[in-house]
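**Q** Give me the fold of what follows.
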Amino acid sequence: MPNRAAPVGADAGGPFKALPPGLPDRLRPYLAEITEEIVRAIGTGIPEYARPSDDTYLQGVHRGVDHALRGLLERMAQPDTDWAPVRATYERIGRGEAEEGRSLDSFQSALRLGARVTWRRVNALVDQGLLPRHVLGAFGEVLFLHLDKMAAATTAGYTEARLHSAGELQQRRARLVDLLTADPPASAGAIADLAHAARWTLPRAVAVVAVDPGPGAGPIVPPEFLTRFDVQPALLVVPDPEGPGRARAVAGALQGLRAAMGPPVALHEGARSLRWALEALDLVRRGVLPGADADGGVVRCQDHLSTLLLLRDDALLDAMAERWLRPLEQVRPPHRERLAETLLCRLQSGRGVTEIAARLAVHPQTVRYRMRQVDELFGSLLDDPTARFEIQLALRARELRLGAASGQDTPG
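**A** Model (predicted):
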């Protein structure tokens with residue numbers, strides 16, 4: 001915005017001093033005619049201002065043109081006139097244009113059109129001998145200097161209003177993130193009302209992404225995504241997450257950031273998607289799940305359901321390991337790890353020695369030796385289907401935890 005503390009009459013020299021004394025008084029009798037011609041030209045030449053049936057609107061345009069011309073004459077008569085009130089008027093006009101949702105293109109066109117009409121009418125007065133010809137040069141400079149200052153003030157007001165509007169819109173969208181992830185869920189009516197105020201089209205489903213933001217400003221995301229980068233971890237709400245191109249858009253926006261995407265859910269179930277995303281992000285931080293790679297991969301909960309299920313409760317896992325894996329404690333590491341690996345492979349695959357050996361990349365005789373030891377350690381437990389299932393769960397959880405501790409990726 002222009003500096004409100006600028007000295008008045010800062011442009012009072014130059015063309016203003018070149019104007020002959022008394023020129024504003026000689027122009028004033030023609031002011032009403034020029035105003036009417038400008039209003040007609042604007043109404044016919046600029047579609048956005050063509051509202052012949054709206055008397056209130058037409059009166060507003062008329063007042064604006066009249067104010068502009070009178071302001072010009074006042075500055076011609078007294079170049080040191082305080083510009084601040086006039087500037088405030090045009091800043092207000094700029095704010096009004098922003099609030100009506102228009103660009104400034106139409107208003108700038110109206111200013112230029114008004115200047116052309118004014119210049120043409122003054123030329124006509126000169127041709128009629130009503131004004132001396134030598135006034136044209138200085139008057140033209142003053143006219144377009146006044147036009148520039150009006151345009152600058154209008155742009156400042158417009159920009160201020162747009163920034164304010166964008167800030168309010170972002171606040172509404174942030175509140176909408178809170179509403180969509182509330183537990184217990186918000187009502188459908190409350191979500192719909194706030195979505196309308198936030199200019200967000202209600203989708204059929206959403207997914208919530210939890211993000212560890214990097215340094216600096218948040219990433220640039222598609223406008224249909226809702227974001228909250230003022231919380232830790234940051235949140236994204238992705239509408240219709242399984243739609244075409246959605247996965248690519250999420251990955252591109254969050255490239256290089258550590259993030260986890262919850263499952264697609266109905267609008268009133270955002271809290272569940274968020275809960276899964278937070279659990280997955282925690283596993284990414286711990287190294288259990290692979291983090292974002294150089295191509296901007298985002299961990300999707302749906303790709304790691306068994307891992308999320310297994311690792312939801314560390315205390316429960318400790319209790320399961322204590323009950324079912326105690327026999328392995330009789331063996332010293334690292335042989336204990338090799339036995340656990342062989343037993344898990346046997347329980348998972350149900351295949352013979354040759355297949356297990358190929359999967360572990362060891363000799364079949366080594367597998368037979370390990371399996372004999374496993375049978376000695378666990379005995380009849382391996383004949384019980386329930387015990388075999390829980391031993392497999394405990395071994396898989398143990399593998400995931402050891403993989404995270406060693407920094408190795410394990411399959412999800």
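**Q** all strands of the stretch 151-300 of the chain, in order?
**A** Assigned by DSSP state E, counting those that start in this stretch, the stretch 151-300 of the chain shows strands spanning 206-212, 226-228, 234-239, 258-261, 299-300.
**Q** Dig out what the residue lying closest to Leu226 once chain neighbours are set aside forms beta bridges with.
**A** In space, and not counting its chain neighbours, Leu226 is closest to Val237: 4.0 Å by CB to CB, 6 or more residues apart in numbering. Every residue, glycine included, has its C-beta placed from N, CA and C. With DSSP bridges as the criterion, Val237 is bridged to Val208, Leu226.
**Q** From Leu169, how far off is Val237?
**A** 15 Å (CB to CB, to the nearest Å).
**Q** Go ahead and confirm the residue nearest to Leu226 touches Phe225.
**A** Yes. If you go by CB atoms under 8 Å, Val237 and Phe225 touch, sitting 6.7 Å apart.
**Q** For those two, indicate the residue with more neighbours.
**A** More crowded of Val237 and Phe225, by other CB atoms under 10 Å: Val237, with 26 against 17.
**Q** wait, isn't Pro327 in contact with Leu377?
**A** Yes. Between Pro327 and Leu377 there is a contact at 4.0 Å, judged by CB under 8 Å.
**Q** The residue with the largest distance to the centre of the chain and Tyr30, how far apart?
**A** Going by CA atoms, centre = their mean, the residue of the chain most distant from its centre is Gly129, 61.8 Å out. Gly129 sits 14 Å away from Tyr30, going by CB to CB.
**Q** same question, Ile220
**A** Taken as CB to CB, the span from Ile220 to Tyr30 is 53 Å.
**Q** Of those two, which one has the most company?
**A** Regarding Ile220 and Tyr30, a neighbour count based on other CB under 10 Å identifies Tyr30 as having more, with 18 against 8.
**Q** For the more buried one, list the residues it contacts.
**A** Counting by CB atoms under 8 Å, 6 or more residues apart in numbering, Tyr30 touches Arg121, Leu125.
**Q** Next, it: secondary structure please.
**A** Classification of Tyr30 using DSSP: H, G, I helix; E, B strand; the rest coil returns helix.
**Q** ok, it to Arg121 distance?
**A** In terms of CB to CB, Tyr30 sits 7 Å off from Arg121.
**Q** Overlap in contacts, the two.
**A** Counting by CB under 8 Å, 6+ apart, nothing touches both Tyr30 and Arg121.
**Q** just for the chain, where's the confidence low?
**A** Applying pLDDT under 70 to the chain flags residues 1-14, 50-57, 163, 165-166, 216-218, 291-297, 350-351, 404-412.
**Q** Find the residue at the geometric middle of it.
**A** Centre-nearest of the chain using CA atoms, centre = their mean is Val221, 5.0 Å out.
**Q** dump the residue contacts of the residue nearest to Met320 when sequence neighbours are not counted.
**A** Distance criterion CB to CB, 6+ apart; nearest residue to Met320, sequence neighbours excluded, is Ala394 at 4.6 Å. When contacts are counted by CB under 8 Å, 6+ apart, Ala394 touches Leu317, Met320, Ala321, Arg323, Trp324, Leu325.
**Q** among the residues you listed, which ones are buried?
**A** Buried subset of the contacts of Ala394 (neighbour count, 16 or more other CB atoms under 10 Å): Leu317, Met320, Ala321, Trp324, Leu325.
**Q** Turn those into JSON lines, columns for secondary structure and distance to Gly43.
**A** Shown next, in JSON lines, are the buried ones among the contacts of Ala394 (DSSP: H, G, I helix; E, B strand; the rest coil; distance: CB to CB, whole Å):
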{"residue": "Leu317", "secondary structure": "helix", "distance to Gly43": "76"}
{"residue": "Met320", "secondary structure": "helix", "distance to Gly43": "80"}
{"residue": "Ala321", "secondary structure": "helix", "distance to Gly43": "82"}
{"residue": "Trp324", "secondary structure": "helix", "distance to Gly43": "86"}
{"residue": "Leu325", "secondary structure": "coil", "distance to Gly43": "86"}
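**Q** just checking, Ala259 touches Gly214?
**A** No. Using CB under 8 Å, Ala259 is not in contact with Gly214, being 10.6 Å away.
**Q** Would you tell me which helix is longest in the chain?
**A** Ranked by number of residues, the top helix in the chain under DSSP state H is helix 135-180.
**Q** burial count for Arg199?
**A** Going by other CB under 10 Å, the residues that sit close to Arg199 add up to 10.
**Q** Measure how the longest helix of the chain sits relative to strand 234-239, angle-wise.
**A** Computed by axes from the mean of the first three to the mean of the last three CA atoms, to 10 degrees, the angle separating helix 135-180 from strand 234-239 equals 90 degrees.
**Q** Only C-alpha atoms, please: export stretch 63-81 in CSV.
**A** Taking Å, rounded to 0.1, in the frame of the first residue of the first chain, the C-alpha atoms of stretch 63-81 are listed here in CSV:
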residue,chain,number,x,y,z
ARG,A,63,-20.8,9.2,-8.0
GLY,A,64,-17.4,7.5,-8.6
VAL,A,65,-16.9,9.3,-11.9
ASP,A,66,-18.0,12.6,-10.5
HIS,A,67,-15.7,12.2,-7.5
ALA,A,68,-12.8,11.4,-9.8
LEU,A,69,-13.3,14.5,-12.0
ARG,A,70,-13.9,16.8,-9.0
GLY,A,71,-10.8,15.5,-7.4
LEU,A,72,-8.8,16.2,-10.5
LEU,A,73,-10.0,19.8,-10.6
GLU,A,74,-9.3,20.3,-7.0
ARG,A,75,-5.7,19.1,-7.4
MET,A,76,-5.3,21.3,-10.5
ALA,A,77,-6.5,24.3,-8.4
GLN,A,78,-4.5,23.5,-5.4
PRO,A,79,-1.7,21.0,-6.1
ASP,A,80,-0.8,20.8,-2.4
THR,A,81,-4.2,19.5,-1.5
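**Q** chain center to that stretch: distance?
**A** Distance, stretch centre to chain centre, for stretch 63-81: 43 Å (CA atoms, centre = their mean, to the nearest Å).
**Q** Repeat that for stretch 160-180.
**A** With CA atoms, centre = their mean, you get 10 Å for stretch 160-180.
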